[in-house]
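*Asks:* here's my sequence, what's the structure:
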Amino acid sequence: MTSASTMLIQYLENHSDEFLHNWLKRIVISENDIYKEEVLNNGMKMFQLVKRAIVKPLSEEEITILAHKTALERVNANVNISEFVYNVNIGKSIIIKWVSNSGIELRQLQPIFEDINALFDRFSYLAVRKYTEIKEQQLQEKELYIDQTHKERLTILGQMSSSFVHEFRNPLTSIIGFTKLLQNDHPNLPYLDIMQHELEQLNYRISQFLHVSRKDLIDSTREEIILTEHLEETIEFLYPSLLDGDVSIDFNCEGDIRVLGNRDELRQVFLNLIMNSIDALQEVEGDRQIHVCCKVREGRTNLEISNNGPRIKEETIGAIFEPFYTTKDLGTGIGLYICKKLIEKHGGEILCQSNEEWTTFTIGIPVESNVAQ
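*Replies:* Have a look, this model is predicted:
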């Protein structure tokens, strides 16, 4: 140990109480900090580490022990980590000031300054890293709890659905059947087409609950589907809703796009996206438009269903496909969730983009290999 180091350590020991007093006057401690007493204790320990670092380099373990202890206390105190960083920097600046006033030549103090700075920087880094690790672990545990609660909620919904949804569907199927018979026998009878449309919509909503009540979407029969024809049939079915909502629809799809899928499930996806667009457009004054466009890109569909309704906020887009998330007053929050699950079941993906002009849902599912690329 050099004579300068010996003189400096003696100087710091003689002024330790004054140093700690000045540090305590300037640091920030929250009123609700349950570790107020430990703040002083940790400051004293850090002061001891500084004196030891002047003599010889400290091991990583020596610094880590105090850093991890302090990080855990900051987490349990539930205070912002910025307070800790601020207090550490205050301590470093006070010590540097005291060392500068020790009367030792600056040339001899220069390597000591570097050692003190390195110690404080390493201590801050290790403490903040540990603090972040603990916080992230707590967040993961919280998300796991939320996810488990969500699953339990889905299970309850499934149990409820199994007890009464089928009871709704049986008489509904009979009513739909008799309505079709009436249309065949009396094709000119007014309002039957409206009744048929509303019954189909009710049947569609019940199907949503049946899907979401299952733990996994069950396998279903698949067939080759000409996408253009299937979309045209869906749009024709929704014509009364488009008319009632004063919405114009522009349809532009390549003619020979074929996919292997379940007709009813894909129809449910198209119905939901277009109906959601119609609902969103009711908030628009003036021209209300829906664009449906589909092409083939790299062996997958690029089906876009767009509307010029209100923009979906960026922070909301990440949640719209989650179950039970809805912005509608009377929404169930399962429509887009089911759409996502059905598209993923077909080996595809569904995305949403939104700006001030257009909100676009894009569906990509594999096309049949015999389609020309």
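*Asks:* show the pLDDT at residue 323.
*Replies:* On pLDDT, residue 323 comes in at 67.
*Asks:* please read the previous query as pertaining to residue 294.
*Replies:* pLDDT for residue 294: 92.
*Asks:* renumber starting at 5 from here on
*Replies:* From this message on, residue numbering opens at 5, which makes the last subject residue 298.
*Asks:* now do the SS call for it.
*Replies:* Here residue 298 is recorded as strand under DSSP: H, G, I helix; E, B strand; the rest coil.
*Asks:* pass me the low-pLDDT residue ranges in the stretch 155-304 of the chain, would you?
*Replies:* 155-174, 205, 208-224 (pLDDT under 70).
*Asks:* would you map the helices across it?
*Replies:* Assigned by DSSP state H, counting those that start in this stretch, the stretch 155-304 of the chain shows helices spanning 196-216, 231-241, 243-248, 267-285.
*Asks:* minimum distance to residue 299: which of those helices has it?
*Replies:* Closest approach to residue 299 among the helices of the stretch 155-304 of the chain is made by helix 231-241 (10.5 Å; C-beta to C-beta). Glycine gets a C-beta too; all of them are placed from N, C-alpha and C.
*Asks:* outside of the closest one, which residues touch it?
*Replies:* Outside of helix 231-241, the residues within contact range by C-beta atoms under 8 Å, 6 or more residues apart in numbering are 201, 204, 246, 253, 255, 257-263, 267, 270-271, 274-275, 278, 296, 298, 305, 307.
*Asks:* want to try JSON lines for the helices of the stretch 155-304 of the chain, with distance to residue 49 and mean neighbour count as columns?
*Replies:* Shown next, in JSON lines, are these (distance: least, C-beta to C-beta, whole Å; neighbours: other C-beta atoms under 10 Å):
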{"stretch": "helix 196-216", "distance to residue 49": "56", "mean neighbour count": "16"}
{"stretch": "helix 231-241", "distance to residue 49": "70", "mean neighbour count": "17"}
{"stretch": "helix 243-248", "distance to residue 49": "71", "mean neighbour count": "14"}
{"stretch": "helix 267-285", "distance to residue 49": "60", "mean neighbour count": "21"}
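*Asks:* which residues touch residue 310?
*Replies:* Residue 310 sits next to 281, 294, 295, 296, 297, 362, 363, 364, 365 when contact means C-beta under 8 Å, 6+ apart.
*Asks:* what's the host helix or strand of the last one packed up against?
*Replies:* Read it as residue 365. Using DSSP states H and E, residue 365 maps to strand 363-368. Counting contacts by 3 or more C-beta pairs under 8 Å, 6 or more residues apart in numbering; DSSP states H and E, strand 363-368 packs against helix 267-285, strand 304-311, strand 353-358.
*Asks:* the longest one vs helix 231-241, what angle?
*Replies:* Our comparison of helix 267-285 with helix 231-241, counting by axes from the mean of the first three to the mean of the last three C-alpha atoms, to 10 degrees, yields an angle of 50 degrees.
*Asks:* relative to strand 363-368, how tilted is helix 267-285?
*Replies:* Going by the same axes, to 10 degrees, helix 267-285 makes 170 degrees with strand 363-368.
*Asks:* now helix 267-285, how far from the chain's geometric center?
*Replies:* Relative to its chain's centre, helix 267-285 lies at 24 Å (C-alpha atoms, centre = their mean, to the nearest Å).
*Asks:* now do the strands in the chain.
*Replies:* Along the chain, the segments classed as strands by DSSP state E run 227-230, 252-257, 262-265, 293-301, 304-311, 353-358, 363-368.
*Asks:* please identify the buried residues of the first one?
*Replies:* Of the residues in strand 227-230, those buried under the neighbour-count criterion (16 or more other C-beta atoms under 10 Å) are residue 229.
*Asks:* for it, what is the distance to the chain centroid?
*Replies:* Centroid separation between strand 227-230 and its chain, computed with C-alpha atoms, centre = their mean, is 35 Å.
*Asks:* residues contacting residue 66?
*Replies:* Going by C-beta under 8 Å, 6+ apart, residue 66 touches 53, 56.
*Asks:* residue 341: which of the strands of the chain is closest?
*Replies:* The closest of these to residue 341 is strand 353-358. By C-beta to C-beta, the value is 10.7 Å.
*Asks:* what's the closest of the helices and strands packed on strand 363-368 to residue 24?
*Replies:* That would be strand 353-358 among those, by C-beta to C-beta, at 56.4 Å.
*Asks:* and residue 352, how far from residue 263?
*Replies:* Applying C-beta to C-beta, to the nearest Å, the value for residue 352 to residue 263 is 9 Å.
*Asks:* so residue 201 makes contact with residue 244?
*Replies:* Yes: using C-beta atoms under 8 Å, residue 201 makes contact with residue 244 at a distance of 5.1 Å.
*Asks:* tell me the domain ranges of the protein?
*Replies:* 7-147, 229-368 (automatic domain parsing).
*Asks:* what about residue 142, how many residues nearby?
*Replies:* The tally of other residues near residue 142 (other C-beta atoms under 10 Å) stands at 11.
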